[in-house]
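Colleague: Model the structure of this input:
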Amino acid sequence: MSSSSITDLGGLSERVGVRSLREAVIEPVTWVAFWSAIVLPFLYLPLLATGLQSQSVLLAFLILVTLNVIAILIGHRHN
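Modeller: Now for the predicted structure:
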C-alpha cells in the first residue's frame, strides 16, 4: 500500500510541475502574443499612410508585418 501512495505522489508532483510551467510560461506568452497581434497593425498603419518610399520605412513595415504574423501564430490559442 505504501508503494502505491509513493507512486501516486510522484505522479501528482509531475502534474503539478507541468501545470506550474504552463501557468508560469506558456499562458503569459500566449497572452502577450494575442494582444500583440491586435496592437501591431496600428503601428504599421502610419507607415502605410505616409508611403513606403524609403528602404528603411519599407524594412520597418516588413518587420512589423512579420512580427504580426508570428504573434498571430503564437497567440491564436488564447481564450
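Colleague: pLDDT-wise, which helix or strand of the protein ranks last?
Modeller: helix 2-21 (a mean of 61; mean pLDDT, DSSP states H and E).
Colleague: Tell me the helix or strand right after it.
Modeller: Next helix or strand after helix 2-21 toward the C-terminus (DSSP states H and E): helix 27-50.
Colleague: which helices and strands does that next one pack with?
Modeller: The contact analysis (3 or more Cβ pairs under 8 Å, 6 or more residues apart in numbering; DSSP states H and E) places helix 27-50 against helix 55-75. Yep, even glycine has a C-beta here, placed from its N, CA and C like the rest.
Colleague: quick one: the helix it packs on to chain centroid distance?
Modeller: The offset between the C-alpha centroid of helix 55-75 and the centroid of the whole chain comes to 14 Å, using Cα atoms, centre = their mean, to the nearest Å.
Colleague: If you count neighbours, what's buried in it?
Modeller: Using 16 or more other Cβ atoms under 10 Å as the test for burial, helix 55-75 gives Phe61, Leu64, Leu67, Asn68, Ala71, Ile74, Gly75.
Colleague: Let me see the contact set for the fourth one.
Modeller: So the one you mean is Asn68. Contacts for Asn68 (Cβ atoms under 8 Å, 6 or more residues apart in numbering) come out as Ser36, Ala37, Leu40, Pro41, Tyr44.
Colleague: Roughly how far does it sit from Ile74?
Modeller: The gap separating Asn68 from Ile74 is 11 Å, by Cβ to Cβ, to the nearest Å.
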